[in-house]
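>>> Give me coordinates for this.
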Amino acid sequence: MQGETAKVRLDKWLWAARFFKTRQLACEAINGGKVHLNGQRTKPGKEIKAGSQLRIHKGSLEWELEVKVAASKRRPAEEAKTFYVESEESFLRRQRLTQELREQRAVEPHSMRGKPSKRDRRMIHRFTAKGE
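Numbering: from 1, shown residues only. Sure, this is the predicted structure:
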């Protein structure tokens, strides 16, 4: 880990803090406008330091956080959580959204989730068979 005054590329920090699996995915998200630094769109090479404010959109989730440590090396997930502080509203909003998504999946019938199982396929064939 680097010191508090160090500066690191934004894409590298997002990768090190485990928001994205690769730096390429982090670059694509930044270029796509999914990451805002201090309230403005930015570029992957922009240097960030401790105290920088970030807003990250990933799928339907959104994080609002402040950078605590400008780390350039990927660390274990538990250690990576110490690289930033997430705002309380952001955390509660994400928890509420994930709970709603879980409830939606529980209510949704299994057959609507993707390709049919072998049993589902047989039932479809029986239903659609003409006079057999």
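>>> Bridging across strands, which residues link to the most centrally placed residue in the chain?
Among the residues of the chain, the one closest to the centroid is K58, at 4.0 Å (CA atoms, centre = their mean). K58 has these beta-bridge partners by DSSP bridges: L61.
>>> Do I have it right that it meets K34?
Yes. Applying CB atoms under 8 Å, one finds K58 in contact with K34, separated by 6.8 Å. Just so you know, the C-beta spots here come from the backbone N, C-alpha and C atoms, and that holds for glycine as well.
>>> what touches both of those two?
Taking CB atoms under 8 Å, 6 or more residues apart in numbering as the contact rule, K58 and K34 touch no residue in common.
>>> Please name the residues that touch E89.
Residues near E89 by CB under 8 Å, 6+ apart: E64.
>>> tell me which element it falls in.
helix 88-107 (DSSP states H and E).
>>> ok, H57 - contacts?
With CB under 8 Å, 6+ apart, H57 has these contacts: A29, K34, V35.
>>> pLDDT value on it, please?
Looking at H57, its pLDDT is 95.
>>> quick one on the thing from earlier: how close does the residue nearest to the centre of the chain get to G32?
Distance of K58 to G32, computed by CB to CB, to the nearest Å: 11 Å.
>>> got it, and E88?
Taking CB to CB, one finds E88 at 27 Å from G32.
>>> all strands of this protein, in order?
Along the chain, the stretches classed as strands by DSSP state E are 8-9, 35-37, 40-41, 47-48, 53-58, 61-67, 84-86.
>>> now the ones you listed as JSON lines including distance to Q99?
JSON lines is the format used below for these (distance: least, CB to CB, whole Å):
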{"stretch": "strand 8-9", "distance to Q99": "34"}
{"stretch": "strand 35-37", "distance to Q99": "25"}
{"stretch": "strand 40-41", "distance to Q99": "30"}
{"stretch": "strand 47-48", "distance to Q99": "31"}
{"stretch": "strand 53-58", "distance to Q99": "18"}
{"stretch": "strand 61-67", "distance to Q99": "12"}
{"stretch": "strand 84-86", "distance to Q99": "17"}
